[in-house]
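Trainee: everything below, folded, please.
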Amino acid sequence: MNLIFLWTDILLWLLLLMILAFTKYTLGKPHLREPWRKVFKSPIAMSSLLVLVLYIATALLDSIHFTIPDSKNSRLNGEVISVLDFMLLDIKTNEEKTYSAPFASNLYSKESVEQPDGSLKRIAPRLKYGGAHLADPADKWPDVAKKTLKAILASLVCWLFLLGFFILLRRRQRNNSSRADYPTISMSLTLLLLLITVACMYYLAPNYHILGTDKIGQDVLYQAIKSIRTGLIIGTITTLIMLPFAVMLGLMAGFMRGWVDDVIQYLYTTISSIPGVLLIAASILMVQVYIANHPEAFNTTIRQADMRMLSLCIILGITSWTGLCRLVRAETLKLKQMDYVTAAKTLGVGPYRIMLRHLMPNVMHVILISIILDFSGLVLAEAVLSYVGVGVDPTTFSWGNMINTARLEMAREPIVWWSLTAAFIFMFTLVLAANLFSDELREAFNPRSR
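Mentor: Numbers count the residues shown, from 1 in each chain. Below is the predicted model of the structure:
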């Protein structure tokens, strides 16, 4: 096994290390730990956080790439796959001929099949993998119900084990006055629902196409799960790129005023006036030309797609920091009139120290809510950009590419609806969880609400 390091993989794991370092720093600061304690007491926040953790874990598993030179499966020899691909190998390799509906055992469209007597008959042939273990397709739904029951029972056993471990941990912390009061009921119900969902996929996906197949017979559930990494990379790495520009320039513009404020306002006004889609399209075109002129640096399709995704993150970061910069500037203009800032100036504290030690903590609630809202907007932006053809590479799994493909499928007769539905469900769940969690963060970190 040979590990393959992609730029987006490195940045995603680096971002995880930064989050862990920030968590360790927060635990040592009582004034930062207290708002998070309020977040952990919120049922909505903790339920949303569990959903986000599942998405993040899926993206991290999909961000460890490797090759298996001497694999028994001939399709994997030399192919770059991830840990998630290896876990979903049955779904990945079970490809049909063309479209099939969710839980179908026959193709979606009819074909002319030669009968034993030599005549031709229009029928929907049996699928190669979906329901192939059944002797009679009429036994499909009893078999689905049986496997679903097994999944629910396995989920309940795992849930009871985790619940018992959590109760034991809470009893050991009973005499600890600093322990947080978690919303146990909402967390338990959310965890049970997630466990049932994952277990149903585990028991049903190897034998059925739960969300159907696309035009080339690839499993739609596999595409939707693989698209999680693309959505999270677009949302997180873009935010990581634009955050330093937005925060520092916003603080400087609001606190220093004068020519500094004029220059920064002129800068973000100019960038805001440029149509974002045109700038992104031009940048993607330049990246494609660069890749074509340097084939030795991008010798595989996955490296070319990774470079295009990274360039998209950079361009989105350059064009999306202006909104947060305006918010930080406006909040800084208000806070610089406060007594504690005036006292710090009187005592001779430098401007940069005032911005970092006095102003930034008090605009943190604005930054946090904007970051997560921008994350949701960037996930949706990727879908829109891929839909118009200037997003990620067409070979990359993304919800935008699924929606773009579904545009033509919706015009078929009979209609192929499951690709659009799958992309909508997965994207809607991620964006909804992020928005609900950001709303609770805003309430906890807002100094006025405290």
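Trainee: pLDDT value on Lys146, please?
Mentor: pLDDT for Lys146: 93.
Trainee: where does the stretch 151-300 of the chain have low pLDDT?
Mentor: Filtered on pLDDT under 70, the stretch 151-300 of the chain yields the residue ranges 173-181.
Trainee: show me the strands in the stretch 151-300 of the chain, by range?
Mentor: Counting by DSSP state E, counting those that start in this stretch, the stretch 151-300 of the chain has no strands to list.
Trainee: spatially central residue in the protein, please.
Mentor: By C-alpha atoms, centre = their mean, the mean C-alpha position of the chain lies nearest to Leu232, the distance being 2.9 Å.
Trainee: how close does that residue get to Trp159?
Mentor: Going from Leu232 to Trp159 by C-beta to C-beta, to the nearest Å gives 26 Å. From N, CA and C alone the C-beta is placed, and that goes for glycine too.
Trainee: Val277 now?
Mentor: 46 Å.
Trainee: with adjacent residues omitted, what lies nearest to the residue nearest to the centre of the chain?
Mentor: Ala59 (4.3 Å; C-beta to C-beta, 6 or more residues apart in numbering).
Trainee: got the buried residues for stretch 415-422?
Mentor: 416, 418-422 (16 or more other C-beta atoms under 10 Å).
Trainee: same question for stretch 268-276.
Mentor: In terms of neighbour count (16+ other C-beta under 10 Å), stretch 268-276 has its buried residues at 268, 271, 276.
Trainee: rewinding a little: looking at Val277 and Trp159, which is more packed in?
Mentor: Applying other C-beta atoms under 10 Å to Val277 and Trp159 shows that Trp159 carries more neighbours, namely 19 against 14.
Trainee: show me what contacts the spatially closest residue to that one that is not a sequence neighbour?
Mentor: Setting aside the residues directly before and after it, Trp159 is nearest to Leu192 in space (C-beta to C-beta, 6+ apart), at 4.9 Å. With contacts defined as C-beta atoms under 8 Å, 6 or more residues apart in numbering, the neighbours of Leu192 are 155-156, 159.
Trainee: I figured the residue nearest to the centre of the chain was touching Ala57, is that so?
Mentor: No - the pair Leu232 and Ala57 fails to qualify as a contact (C-beta atoms under 8 Å) at a distance of 10.6 Å.
Trainee: need the residues touching each of the two.
Mentor: By C-beta under 8 Å, 6+ apart, no residue touches both Leu232 and Ala57.
Trainee: tell me which helix or strand comes right after the one helix or strand Arg303 maps to.
Mentor: Under the criterion of DSSP states H and E, Arg303 resides in helix 301-320. Sequence order places helix 322-335 as the next helix or strand after helix 301-320, per DSSP H and E.
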